[in-house]
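[1] kindly generate the corresponding structure for this input.
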Amino acid sequence: PQKVLIVPFTSDKGLCGGVNSYITRAVRNCIKKLQAQGKDADIVLIGDKGRAQLRRFHPEKIVRSATDVVTPGTYALASGLASELIASGAASDYDAV
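    Now for the predicted structure:
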């Protein structure tokens, strides 16, 4: 794939700093590997903590974000988010999600 959409899920509140840091570090590493291969990536963030952390490193890659998402996550929530991404053009604009 030449253009990839990365959709990380992080928390909206504190007390998960280690988890959020791990997720954002993995996203940064993924973007670095894709760029080394000559590929492009965009990010759609779920959760305020991930948005705050990734905004410092890759603000130009963040195309959309969602905060205050209902927790705990359910299949209906994931399905709704996926449908919204597809409706906004993710299926045609990206080679991989």
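[2] quick check: which helices or strands does the longest strand along the chain pack against?
    Longest strand in the chain, counting residues (DSSP state E): strand 40-46. If you count contacts as 3 or more CB pairs under 8 Å, 6 or more residues apart in numbering; DSSP states H and E, strand 40-46 packs onto strand 3-6, helix 17-36, helix 48-57, strand 62-66. For every residue, glycine as well, the C-beta is placed using N, CA and C.
[3] report the angle between it and strand 62-66.
    Interaxial angle of strand 40-46 relative to strand 62-66 (axes from the mean of the first three to the mean of the last three CA atoms, to 10 degrees): 10 degrees.
[4] contacts for strand 40-46?
    2-10, 27, 30-31, 34-35, 51, 54, 58, 61-66, 69, 81, 85, 90, 94 (CB atoms under 8 Å, 6 or more residues apart in numbering).
[5] mind giving me the PyMOL select for these, buried ones only?
    Buried residues within the contacts of strand 40-46, by 16 or more other CB atoms under 10 Å, are selected in PyMOL with:
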select buried, resi 4+5+6+7+8+10+27+31+34+51+54+58+61+62+65+66+81+85+90+94
